[in-house]
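In: Dropping the sequence and predicted coords here.
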Amino acid sequence: MPPRPVALLLLLCAAVLAGGAASAAALDRDDTLRRINAMRAAGAQCGSQWSPPAPPLRWDDALERAAAVQARDMAVRDLVAHDGSDGSDVGERAERQGYRWSDAAQNAAAGRADAPTTLAQWLASPSHCENLMDPEFRDVGVATEYRAGTRYRWFWVMVLGRRMAGP
């Protein structure tokens with residue numbers, strides 16, 4: 001007997017939901033923060049420069065939202081970029097999410113399906129490694145966006161920051 005339309009619809013919905021679950025499962029906030037802080041605690045060779053151990057970071061929801069905005073924008077445009085399609089930079093995106101910063105930086109990457117390999121990719125890139133190891137940063141947020149049918153499929157952004165002192 002051929003499948004019924006309702007059964008086909010249920011299979012289609014399950015496939016769509018499984019895709020969404022895969023992208024959500026790609027980023028475990030606690031595990032990602034633990035890995036970032038382990039990297040910072042160990043110190044790292046960032047190109048030709050040694051970066052000594054740095055203090056641990058705190059997860060920041062505003063920085064995560066700023067990272068998500070850029071990851072989504074990169075996925076829609078199917079490219080890795082530090083500037084948004086609206087011309088914004090990392091500081092502007094962080095401020096839009098309510099993060100008043102005195103210092104901010106961004107790491108962007110694409111093509112890896114999970115946080116551990118993306119973190120390793122950043123650690124292997126001198127400029128991204130320097131951002132990751134900068135002892136001045138206190139906060140971090142990371143986001144990923146999955147987009148089927150694009151060249152990279154997985155888009156990643158890490159936003160690092162230090163809040164402005166004062167009220």
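Out: Structure received.

In: quick one: low-confidence ranges for this structure?
Out: Applying pLDDT under 70 to the chain picks out residues 1-26, 167.

In: ok, which stretches of it are strands?
Out: Using DSSP state E, the strands of the chain run over residues 44-46, 49-51, 58-59, 101-110, 139-146, 154-163.

In: now, of these, which is deepest in the fold?
Out: Mean neighbour count (mean count of other CB atoms under 10 Å) peaks for strand 154-163 among the strands of the chain, with a mean of 26. No exception for glycine: its C-beta is placed from N, CA and C like everyone else's.

In: Name the strands paired with that strand and say parallel or antiparallel.
Out: strand 101-110 (antiparallel), strand 139-146 (antiparallel) (DSSP bridges).

In: Would you convert the ones you listed into TSV that also reports distance to Arg34?
Out: Formatted as TSV, the strands paired with strand 154-163 follow (distance: least, CB to CB, whole Å):
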stretch	distance to Arg34
strand 101-110	17
strand 139-146	12
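
In: Reformat the strands of the chain as JSON lines; add distance to Gln121.
Out: Shown next, in JSON lines, are those (distance: least, CB to CB, whole Å):
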{"stretch": "strand 44-46", "distance to Gln121": "13"}
{"stretch": "strand 49-51", "distance to Gln121": "17"}
{"stretch": "strand 58-59", "distance to Gln121": "20"}
{"stretch": "strand 101-110", "distance to Gln121": "5"}
{"stretch": "strand 139-146", "distance to Gln121": "13"}
{"stretch": "strand 154-163", "distance to Gln121": "8"}
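
In: Mind checking those for the one nearest to Leu123?
Out: Judged by CB to CB, the one of the strands of the chain that comes nearest to Leu123 is strand 44-46, at 6.0 Å.

In: by contact count, what packs against that closest one?
Out: Secondary-structure packing of strand 44-46 (3 or more CB pairs under 8 Å, 6 or more residues apart in numbering; DSSP states H and E): strand 49-51, helix 126-133.

In: Report the buried residues of the last one.
Out: Neighbour-count burial for helix 126-133, counted by 16 or more other CB atoms under 10 Å, picks out His128, Cys129, Glu130, Asn131, Leu132, Met133.
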